[in-house]
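Chemist: Got a predicted structure here, sequence first:
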Amino acid sequence: MPEATLLHFAPEAAVTRFVRPLCSNYVTTDFLRDDVDLKLNIEALDLPDDSFDAVICSHVLEHVDDRAALAELFRILKPGGIALLAVPMVEGWETSYEDPSITDQRDRLVHFGQEDHVRRYGRDFRNRVKQAGFLLTEFGRGGADSVRYSIIPGERVFIAAKPPQVH
């Protein structure tokens, strides 16, 4: 991936240290933080179509309009590009739980597990990613690999690929 362009949303220091040396153009972004290369709204990215080879988006989609965000990620990825996605998920739930009327931080904590989350994902997260046009694979790691790769134990990492030829 030496010539790759990678956009990293809400960059985590541990991941940045590991990934930055692997790409020729590593760009960090966050809507709220100032310590990033670009301040972008993931729901409406001010970037050209087909502009990145890869995206890292870890624990962001549960904070935003994920359908808009996934459509934007698909748009800015080059054909054949990939997005590494991680979200908190309850595998025992068939469908995600969301209720836009829940806006109070304390209520969001109770309902969604964190004050600034707008949903808890169920297994249908996979369908949301596919509906945006992506091909989807996933993997999980446990034990020492979880520590080595900064993956929450039991968490799945989703690899969303934009098809090489988009019709």
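Modeler: Done, it's in. Predicted model only: the values in this text are computed from it and were never measured.
Chemist: Go through stretch 96-107 and flag the buried ones.
Modeler: By 16 or more other C-beta atoms under 10 Å, the buried positions in stretch 96-107 come out as S96, E98, I102. Just so you know, the C-beta spots here come from the backbone N, C-alpha and C atoms, and that holds for glycine as well.
Chemist: Check stretch 158-167 too.
Modeler: Buried, per 16+ other C-beta under 10 Å, within stretch 158-167: F158, I159, A160, A161, K162.
Chemist: Isn't the last one up against L77?
Modeler: The reference is to K162. Yes. Here K162 reaches L77: they are 4.4 Å apart, a contact under C-beta atoms under 8 Å.
Chemist: if we look at the sheet, which residues does I82 bridge to?
Modeler: I82 has the following beta-bridge partners by DSSP bridges: A54, A161.
Chemist: Can you name every helix or strand that the lengthiest helix in the chain contacts?
Modeler: Using DSSP state H, we find that the single longest helix of the chain is helix 66-76. Here helix 66-76 is seen to pack against strand 52-58, helix 125-131 when contacts are counted using 3 or more C-beta pairs under 8 Å, 6 or more residues apart in numbering; DSSP states H and E.
Chemist: Pick the most deeply packed of those.
Modeler: strand 52-58 (a mean of 22; mean count of other C-beta atoms under 10 Å).
Chemist: So in this structure, where's the weakest helix or strand by average pLDDT?
Modeler: Every helix and strand of the chain was ranked by mean pLDDT, DSSP states H and E. The lowest is helix 143-148, at a mean of 75.
Chemist: Buried residues in it, which are they?
Modeler: Buried, per 16+ other C-beta under 10 Å, within helix 143-148: nothing.
Chemist: cool, and stretch 104-122?
Modeler: Those would be R108, H111, F112, H117, V118, R119, R120, Y121, G122, for stretch 104-122 by 16+ other C-beta under 10 Å.
Chemist: pLDDT below threshold where in the chain?
Modeler: Scanning the chain for pLDDT under 70 picks out 1-2, 149-150, 166-167.
Chemist: quick revisit: and for the least confident helix or strand of the chain, what are the contacting residues?
Modeler: Contacts with helix 143-148, where a contact means C-beta atoms under 8 Å, 6 or more residues apart in numbering, come from I151, I152, P153, E155.
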